[in-house]
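A.B. asks: okay, sequence plus prediction incoming.
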Amino acid sequence: MKIARTKHYAGSLVEIGQECGCFDELIADLTDVDEKINLHLDLKTFLLDKQVALKKKSAALVDIFKDFISQRTYNVILMLIRAGKLNYLSEIILQAKKLNLNNRQLAEVIVESAIPLSPEQEEKIAALVKEKLKGEVVLKNVVNEKILGGLRLKIKDTVIEGSLFGKIARLKKKIEEIE
């Protein structure tokens, strides 16, 4: 699905989250619901079936998620079902996260490392990136054992490759060019 088709819904999610001060909770609930729907194909098929009445879908959602999600989350899911967009929930969530960061003028920095970073290491990296970008950052550490050592930073569309795996791959490429 094109970004333009999901951006409207993502924008609505950001607005709702900002109004109530519950954006993170709303996104966490929607992510949980999205995972559960995608794990249970019968439920997904039921919720996407245009022949099934909205009342039945609504009742099923209440039965399944009543103890797990807020009323706001339920309303958002129902809105997506009504609009026939529930199938695009994953994309909408991703767009909403990006829009929220942009609205708050934050840059998301994903730091891949072979082992989890300590809080001190995260603070140092965040401070360095903040200084270079001249703006606020949100740092997320992702453990990726493939990189062996070092770090790989992803800032928006830029990747800074400082991992041992990356260095080995570049060395291998140079050797192949020589041969």
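C.D. replies: Yep, that arrived.

A.B. asks: which SSE is the residue nearest in space to the middle of the chain in?
C.D. replies: Centroid-nearest residue in the chain, with Cα atoms, centre = their mean: Leu94, separated by 4.5 Å. Using DSSP states H and E, Leu94 sits in helix 89-103.

A.B. asks: show residues contacting that helix.
C.D. replies: 1, 3, 6-7, 9-11, 13-14, 17-18, 23, 27, 30-31, 33-34, 37-38, 77, 80, 85, 107-108, 138 (Cβ atoms under 8 Å, 6 or more residues apart in numbering). For every residue, glycine as well, the C-beta is placed using N, CA and C.

A.B. asks: now it: average pLDDT?
C.D. replies: What helix 89-103 shows for mean pLDDT is 84.

A.B. asks: distance of the residue nearest to Arg82 when sequence neighbours are not counted from Gly84?
C.D. replies: In space, Arg82 comes closest to Leu54 once its chain neighbours are excluded; the distance is 6.5 Å by Cβ to Cβ, 6 or more residues apart in numbering. Distance, Leu54 to Gly84, using Cβ to Cβ, to the nearest Å: 11 Å.

A.B. asks: do Asp29 as well
C.D. replies: Counting by Cβ to Cβ - Asp29 and Gly84 are separated by 21 Å.

A.B. asks: neighbour-wise, which of these two wins?
C.D. replies: Comparing Asp29 with Gly84 by other Cβ atoms under 10 Å, the one with more neighbours is Asp29, at 20 against 10.

A.B. asks: against Leu106, how distant is the more buried one?
C.D. replies: Per Cβ to Cβ, Asp29 is found 21 Å from Leu106.

A.B. asks: where in this structure is pLDDT low?
C.D. replies: 1-4, 105 (pLDDT under 70).

A.B. asks: what do you get if the cut-off is 50, keeping everything else the same?
C.D. replies: For the chain, the stretches with pLDDT under 50 are 1.

A.B. asks: how is it divided into domains?
C.D. replies: 3-101, 106-178 (automatic domain parsing).

A.B. asks: next up, identify which helix or strand Glu112 is on.
C.D. replies: With DSSP H and E as criterion, Glu112 is part of strand 106-113.
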